[in-house]
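In: Below is the structure, and that's it, no one-letter string:
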């Protein structure tokens, strides 16, 4: 049985990532990319589906762990009766190869240790062929994949596992380095573990030194930004939504999706968090990834792409894996890539306006592409779609989707007016007005005094909170105020916001999910816009308490079981955290209120 999601920390090298549990086991790792065949898949199965564990062979009295300050270097300290040991886990950012380095450092006494390595490829199904080289390196090959383990510790094979029993004394460090390579190539060159540690620490210290946020929640903001950087695929600038697949939105449920891809819906939120925190180069890389990904025929724009802009993300189920806490099915790929979601056109237009305002380098084909996308949107905005939450049921006229179509034309008009770009302003203005009139007429329910999830429905949707930030209507408009009150009454569970009532949506899936953390941050943003500073602070600080012990957030939170659920760590949640923290700093908060914020945060 895998550990709870909050028991994991992430390490990564901006090529791939691994999840390390509190007890020193690596239970999830994809080589060589986030979305490639998993080398360790015990997070979704059993230890026999792949795991790498290093821990004392004796009873552990206490475990403490932390990231080294300002870095993605994980340190797990084990205290035993025989002494103390620190396990240092990291992935150095070095060239095109990926390495996972694990250093076992003796802090006191003499502690017996056990390393167990169960290598499995193809999500736990392929047992590799293992040999030993002349230099003592252990080489494991399965199809195109090769993994090499180098260590001075003794190794032995047993029941398709590799074991190592050794002692570590005070002042001694025993290294283990796992390196990925392609099976047709020679063995990858070894890395010096101690030099790699120094290089990795220097890399992250330099990167975090560029952060410009100086507010009361600096530690949480920095950890979120480090997480976003680690989820960035270095060769392309694409940011993966999460490094995992099929961690359920409800334990035992079927809402289990593959999030190891890049979503356009995250575009403007992500750009804002990076640009406003001092990371203009990362913001420019993200913008350029997005424009390359969507380049081509406008009618073929997808809502999600692979890390390099791949479009074929066919979904399949892995029946041999039981799933996290028996949550089935386990899926790889994502069929939502073929859905129509009108909101992505608004995301692209919003990103381009924001990047121009932020002074990002001009993309050579951004303007021409935007014109073509808007030309296509003119012909399809009246169609039903699958909405921001990618519902698997019949397409509908989602209110949020229509508002984002409105936003696409509105932001394009602003680009023309502010940056002297050329476009059919009269036609765009007319369509913008037409969409606005339709949403106010068909997306608003007078009996509920609220906008609703889709035309003619009685359901609410947390995405309606984004209307407050779009400029679609003034926040003081009675229809907006009524919508916020309705969401507060009907979509809050345990003080947090759920996306929608899954029991009222026909999508063919088992109902039930946790509170969606990004939506809760959006409500805090709305409170700030309304001048409800104390409520905004209370909600924001409640959300900060949901981070696990090393500052990571998943997609959702289960208020009943008081635990994180959904894919982990989730970029969307960390982006929302950063943007809300930045928003506190941009508002003219009265001095007594600001003092209270700083006092609480300290």
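Out: All right, it came through fine. Nothing here was measured: the structure is a model prediction, and the numbers come from that model.
In: tell me the domain boundaries of the chain?
Out: 5-184, 208-601 (automatic domain parsing).
In: Rebuild these as CSV, extending it with mean pLDDT.
Out: Below are these laid out as CSV (pLDDT from 0 to 100):
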stretch, mean pLDDT
domain 5-184, 95
domain 208-601, 92
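In: wait, which of the ones you listed is closest to residue 194?
Out: Across the domains of the chain, residue 194 has its closest neighbour in domain 5-184 (7.7 Å, Cβ to Cβ). The way it works is simple: take the backbone N, C-alpha and C, and place the C-beta from them, glycine included.
In: distance between the ends of stretch 484-499?
Out: Start-to-end span of stretch 484-499 (Cα to Cα, to the nearest Å) is 13 Å.
In: Next, the buried residues of it.
Out: For stretch 484-499, burial by neighbour count (16 or more other Cβ atoms under 10 Å) applies to 484, 486, 487, 491, 492, 496, 497, 498, 499.
In: Where does the first one sit, in terms of helix or strand?
Out: Looking back up the chat, that one is residue 484. Following DSSP states H and E, one finds residue 484 within helix 478-490.
In: For that helix, which outside residues touch it?
Out: With contacts defined as Cβ atoms under 8 Å, 6 or more residues apart in numbering, helix 478-490 is touched by 440, 444, 448-451, 460, 462, 464-465, 467-468, 473-475, 497, 501, 523, 526, 530.
In: Please narrow those to those residing in helices.
Out: Mapping these onto helices (DSSP state H) picks out 440, 467, 468, 523, 526.
In: How about the contacts made by the first one?
Out: Contacts for residue 440 were tallied using Cβ under 8 Å, 6+ apart; they are 473, 479.
In: repeat that for 10 Å
Out: Under the criterion of Cβ atoms under 10 Å, 6 or more residues apart in numbering, the neighbours of residue 440 are 451, 472, 473, 477, 479.
In: Can you tell me which of those is closest to residue 136?
Out: Within the contacts of residue 440, the smallest distance to residue 136 is 64.9 Å, found for residue 472 (Cβ to Cβ).
In: Quick check: the closest residue to that closest one other than its chain neighbours vs residue 454, distance?
Out: Nearest residue to residue 472, sequence neighbours excluded (Cβ to Cβ, 6 or more residues apart in numbering): residue 403, at 5.3 Å. Note on residue 403: its distance to residue 454, by Cβ to Cβ, to the nearest Å, is 12 Å.
In: swap in residue 299?
Out: Taking Cβ to Cβ, one finds residue 299 at 23 Å from residue 454.
In: which one of the two has more residues nearby?
Out: residue 454 (23 against 11; other Cβ atoms under 10 Å).
In: can you pull out the helices in the stretch 201-350 of the chain?
Out: Using DSSP state H, counting those that start in this stretch, the helices of the stretch 201-350 of the chain run over residues 218-230, 267-275, 280-294, 343-357.
In: roughly how far out does stretch 83-91 sit from the chain middle?
Out: Between the centre of stretch 83-91 and the centre of its chain there are 26 Å (Cα atoms, centre = their mean, to the nearest Å).
In: Over to stretch 288-305?
Out: Centroid displacement of stretch 288-305 relative to its chain, using Cα atoms, centre = their mean, is 20 Å.
In: in it, what counts as buried?
Out: By 16+ other Cβ under 10 Å, the buried positions in stretch 288-305 come out as 288-294, 298, 301-305.
In: just stretch 133-152 next, same as before
Out: 137-142, 145-151.
In: cool, stretch 174-191 as well?
Out: 174, 175, 176, 177, 178, 179, 180, 181, 188, 191.
In: next one: stretch 46-55
Out: Of the residues in stretch 46-55, those buried (16+ other Cβ under 10 Å) are 47, 49, 50, 51, 52, 53, 54, 55.
In: what's the nearest residue to the first one if we skip its chain neighbours?
Out: Think residue 47. Closest to residue 47 by Cβ to Cβ, 6+ apart is residue 118, at 6.1 Å.
In: picking up where we left off before, could you identify the buried members of the contacts of residue 440?
Out: For those, a burial check counting by 16+ other Cβ under 10 Å picks out 451, 472, 473, 479.
In: give me phi/psi at the third one?
Out: Just to be clear, that refers to residue 473. phi -140, psi 150 (degrees, to the nearest 10).
In: from what I can see it touches residue 451, true?
Out: Yes: here residue 473 reaches residue 451: they are 9.3 Å apart, a contact under Cβ atoms under 10 Å.
In: Find residues that contact each of these two.
Out: Both residue 473 and residue 451 are in contact with 403, 439, 440, 467, 479, 480, 483, where contact means Cβ under 10 Å, 6+ apart.
In: can these go into JSON lines with extra columns for distance to residue 225?
Out: Formatted as JSON lines, the shared contacts of residue 473 and residue 451 follow (distance: Cβ to Cβ, whole Å):
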{"residue": "403", "distance to residue 225": "29"}
{"residue": "439", "distance to residue 225": "35"}
{"residue": "440", "distance to residue 225": "38"}
{"residue": "467", "distance to residue 225": "27"}
{"residue": "479", "distance to residue 225": "36"}
{"residue": "480", "distance to residue 225": "31"}
{"residue": "483", "distance to residue 225": "32"}
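In: Compare those and tell me which has the most neighbours.
Out: Counting by other Cβ under 10 Å, top hit in the shared contacts of residue 473 and residue 451: residue 483 with 28 neighbours.
In: on that earlier part again, tell me which of the helices of the stretch 201-350 of the chain approaches residue 434 most closely.
Out: Taking Cβ to Cβ, helix 343-357 is the member of the helices of the stretch 201-350 of the chain nearest to residue 434, at 15.4 Å.
In: how about the helix or strand that that closest one is followed by: buried residues?
Out: Once helix 343-357 ends, the next helix or strand along the chain (criterion: DSSP H and E) is helix 366-380. Residues 366, 367, 369, 370, 371, 372, 373, 374, 376, 377, 378 are the ones in helix 366-380 that count as buried (16+ other Cβ under 10 Å).
In: relative orientation of helix 366-380 and helix 343-357 in degrees?
Out: Inter-element angle recorded for helix 366-380 and helix 343-357: 150 degrees (by axes from the mean of the first three to the mean of the last three Cα atoms, to 10 degrees).
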